[in-house]
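**Student:** Take this sequence and fold it.
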Amino acid sequence: MARFITIIKVSIDNIKEVPEYKELIPENNSYEELKKSIQQLGFLDPITVNKNYEILDGYTRYRIAKELGIKEIPVEIYETSGREEELDIIASFNLKRRHLSKDEIIALIDKITEKKKALKKQTTEKFEEQKNEIKDEQNSGTSARIFEHKNEQNTSTGASISPTNTGKISATQESREIKEELKRLAPNVQINEETIRKYLEIKKEAPWLVQYIGDEKKGKIGIKKAYNIYLLLKGKNLLDLDKRIPKPELSKLVTDKDGRKVLERDDLLNLILQHKMAVSQAINKLKIDEKIAKAKKKPRAKDEEEDEGEEVETDEGEEAESDEYPFVEEWAQKEEEAKQQLTPRFNVSVNSSTRQVTLEVANVLEELSRKGFAKLDFGTEVVIAKISGKYYAILLEALKSLERGSKQYKDLADFLVSNNLAVYDAEEDNYIISWRSLNCS
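**Tutor:** Residues are numbered from 1 along each chain as shown. Just a heads-up that it's a prediction; the model follows:
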């Protein structure tokens, strides 16, 4: 059993980090507050170390001390029987001192269980190796010296805990092991066995997804969301998604709520996999599509409200969305109205103020129909672009203006972005336009 020895101040240069221990510690989302407190009040809470000054608890405080240039820090020293007991100490400190989510607790206990298995396997292999040495040298007079170390434990000497394949065990057995460790280390924490089962299935089938499991307040996702992503990717035969796209893109797809919606869209996901679209562009396209769909439903909902005299209810608990794309509703409504008004002939009523412009348009259409081509004499350069099977006339100067960062043509900018023909560059505060995607010279 671990035994407390003393609290003393030591040089920070004598303190050692243990990578295998450090990776067990969940991210601290109060880093800046803790740093400010240490700056103002000093080190009030000592770092926990073993007799070799290897850190068992306090990696965040140690990092802050290094950043602040503190030369000496207080440490509380514990005498331990070896690595396995030190793992229990780490688990105990984290479960008591940190406000961990149940998802973080499962992940922590699982990691510690795996490391203990690795230690036992290494100890067994070492013992077998020593037995073989004894057999080989039993006639050489050195047996006693070798046998003296045969029961040596994996003590705190800086030896690392190597990854190991602990052999195939059933999911039920593995789940039971986690439950037993949980009961021993955190008896007051109640976690559903089904949640543990889902976690283990994710770890087995899509191990890369485990790194994103944790507290959602720290930019992670819960086991439930991770499991839904796993099932979705499994259905699309994309459990190796981590090998197909860069890690920053993968992280955005998994941890961002809009990114997870993109995973459901095969059309957008295929473009990402083909490296033809960034995740941020796909999210933007998704938002545009949602706005257009809502805009088309709004007139219908309004009619129903007038007919029935009832208010149209929104989804319960859903926050009102900010109008990020105010032009979309108007644009979608006009497009719908235009579809309803299409007739074989060019019929339009004109008044005196618009008669001249209307006649010019009519002449162009008539000439197109009669000759097969027409001259567009608008007094300015126009790009004729084919977008989604339709033709649009776009002012060349407007395109150049967007590339210079002008905010004059917001509707055009959003229209091009929604059709993946332009990308907003936040650093330069302008738009990058895919000219090759436009039918222009």
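
**Student:** confidence score at Asp429?
**Tutor:** pLDDT for Asp429: 82.

**Student:** if I look at it, how far off is Ala422?
**Tutor:** Noted for Asp429: a distance of 14 Å to Ala422, by C-beta to C-beta, to the nearest Å. No exception for glycine: its C-beta is placed from N, CA and C like everyone else's.

**Student:** for Gly219, same thing?
**Tutor:** Gly219 sits 29 Å away from Ala422, going by C-beta to C-beta.

**Student:** So for these two, which sits in the more crowded spot?
**Tutor:** A direct count of neighbours by other C-beta atoms under 10 Å for Gly219 and Ala422 places Ala422 higher, at 24 against 13.

**Student:** ok, and the closest non-adjacent residue to the more buried one?
**Tutor:** Distances taken as C-beta to C-beta, 6 or more residues apart in numbering place Leu416 nearest to Ala422, at 3.7 Å, with adjacent residues excluded.

**Student:** Report how many residues lie close to that neighbour.
**Tutor:** The tally of other residues near Leu416 (other C-beta under 10 Å) stands at 26.

**Student:** Check Lys297 too.
**Tutor:** 11.

**Student:** How about Val423?
**Tutor:** When neighbours are counted by other C-beta under 10 Å, Val423 registers 17.

**Student:** Which residues does it form beta bridges with?
**Tutor:** Per DSSP bridges, the residues bridged to Val423 are Ile432.

**Student:** Surely it and Gln281 touch.
**Tutor:** Yes - with contact defined as C-beta atoms under 8 Å, Val423 reaches Gln281; the gap is 6.1 Å.

**Student:** Mutual contacts of these two, please.
**Tutor:** Val417 (C-beta atoms under 8 Å, 6 or more residues apart in numbering).

**Student:** Mind giving me the packing neighbours of the host helix or strand of Arg260?
**Tutor:** Secondary structure from DSSP states H and E places Arg260 in helix 257-263. For helix 257-263, the helices and strands in contact under the criterion 3 or more C-beta pairs under 8 Å, 6 or more residues apart in numbering; DSSP states H and E are helix 223-235, helix 247-255, helix 266-273, helix 279-308.

**Student:** List the buried residues for the shortest one?
**Tutor:** Taking 16 or more other C-beta atoms under 10 Å as the neighbour-count basis, helix 266-273 is seen to contain the buried residues Leu268, Leu269, Leu271, Ile272.

**Student:** Model confidence score at the residue most central in space within the chain, please.
**Tutor:** Nearest to the geometric centre of the chain sits Thr255, at 2.8 Å (C-alpha atoms, centre = their mean). Per-residue confidence (pLDDT) for Thr255: 93.

**Student:** separation between it and Pro248?
**Tutor:** According to C-beta to C-beta, Thr255 and Pro248 sit 11 Å apart.

**Student:** And for Glu125?
**Tutor:** Distance check for Glu125 against Pro248: by C-beta to C-beta, it reads 39 Å.
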